[in-house]
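1. Task: produce atomic coordinates for the following.
(chains A and B)
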Amino acid sequence: AQSVTQPDIHITVSEGASLELRCNYSYGATPYLFWYVQSPGQGLQLLLKYFSGDTLVQGIKGFEAEFKRSQSSFNLRKPSVHWSDAAEYFCAVGGYNNDMRFGAGTRLTVKP
Amino acid sequence: GAGVSQTPSNKVTEKGKYVELRCDPISGHTALYWYRQSLGQGPEFLIYFQGTGAADDSGLPNDRFFAVRPEGSVSTLKIQRTERGDSAVYLCASSVGSSPPDTQYFGPGTRLTVL
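-> The predicted model follows:
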């Protein structure tokens, strides 16, 4: 069965600084990988997904992620963080039924 | 168009009671998923429907949990003899189909509190 590890429970960055959130997955076949964001009181929103092709994936809100098969990683990046990016971020790996397994999440705090 | 809706938004019940949580998927979406999110955790897969049938219920924690989708649209998650450990946010998601990586659209969730 597939699984995801997000090593960082909580990250704090200053507004305008760059961001990288780590995600490591375990899956026997070609993985389908996702990043979701959850703001307080809001539902989960898809930022981006990877299923094949170019290993650098562009998403909404200026986010991107890079799939590295050799490292079993799918890290999320943003060059310049905005205060509105403060939220909980979840990495997920999808199985053959599109059922997803989520990591425990990384909470992002943005300092002014 | 309307997104995924879930009712009620909050449910408080007593230990041992029966509860039903409802999910209305996006119209035309054939696949429907239930997840449970405990405090400080990521969503945990419970069950997946393709049409009316439960294609994968491997995530249901025990036989107190059951879900139906009789007409291939609305789904109800049913929990019998609730326990305090069932307290969580129950999320529903739907997608056009079940072929990865179809995007799953999530509802706002139902917060269940078992006293």
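
2. What residues does chain B have near chain A?
-> B:3-4, B:31, B:33, B:35, B:40-45, B:48, B:50, B:55-56, B:59, B:91, B:93, B:95, B:97-109 (CB under 8 Å from any CB of the partner chain). For glycine as for every other residue, the C-beta is placed from the backbone atoms N, C-alpha and C.

3. if you set the cut-off to 10 Å instead, what comes out?
-> Where chain B comes near chain A, counting by CB under 10 Å from any CB of the partner chain, the residues are B:3-4, B:6, B:31, B:33, B:35, B:37, B:40-48, B:50, B:55-56, B:58-59, B:91-93, B:95, B:97-109.

4. Quick one, which of these are buried?
-> Under a neighbour-count criterion of 16 or more other CB atoms under 10 Å in any protein chain shown, the subset of the residues of chain B next to chain A counted as buried comprises B:4, B:6, B:31, B:33, B:35, B:37, B:42-48, B:50, B:56, B:59, B:91-93, B:95, B:98, B:100-102, B:104-109.

5. Among the residues you listed, name the ones in helices.
-> Among these, DSSP state H puts none in helices.

6. what are the bridge partners for A:V13, then?
-> Under the criterion DSSP bridges, A:V13 forms beta bridges with A:V110.

7. Could you double-check that it lies in contact with A:L108?
-> Yes - taking CB atoms under 10 Å as the definition, A:V13 is a contact partner of A:L108 at 7.2 Å.

8. Identify the contacts common to the two.
-> Common contact partners of A:V13 and A:L108 (CB atoms under 10 Å, 6 or more residues apart in numbering or on different chains): A:L19, A:K78, A:V81, A:D85, A:A86.

9. which non-adjacent residue is nearest the closest residue to chain A within chain B?
-> At 3.4 Å from chain A, B:G42 is the closest residue in chain B, using CB to the nearest CB. Nearest residue to B:G42 in three dimensions, chain neighbours excluded: A:F102, at 3.4 Å (CB to CB, 6 or more residues apart in numbering or on different chains).

10. Would you mind listing the residues in contact with that neighbour?
-> The neighbours of A:F102, taking CB under 10 Å, 6+ apart as the test, are A:3-4, A:6, A:34, A:36, A:44, A:90-93, B:35, B:37, B:41-45.

11. Run through chain A and note the low-pLDDT ranges.
-> Scanning chain A for pLDDT under 70 picks out nothing.

12. Now do the strands in it.
-> Counting by DSSP state E, the segments of chain A that form strands are A:3-5, A:10-14, A:19-21, A:24-26, A:32-38, A:44-50, A:56-58, A:64-68, A:73-78, A:87-94, A:100-102, A:106-111.

13. which ones are touching the residue nearest to B:S95 when sequence neighbours are not counted?
-> Using CB to CB, 6+ apart and skipping residues adjacent in sequence, the residue nearest B:S95 is B:D102, 4.1 Å away. Contacts for B:D102 were tallied using CB under 10 Å, 6+ apart; they are A:Y32, A:K49, A:F51, A:G94, A:N98, B:H29, B:T30, B:A31, B:S94, B:S95, B:V96.

14. Most neighbours among the residues you listed, which one?
-> In terms of neighbour count, B:S94 stands highest of these at 26 neighbours, by other CB atoms under 10 Å in any protein chain shown.

15. Spatially nearest residue to that residue, not counting backbone neighbours?
-> With sequence-adjacent residues excluded and distances taken as CB to CB, 6+ apart, B:S94 is closest to B:P25, at 3.4 Å.
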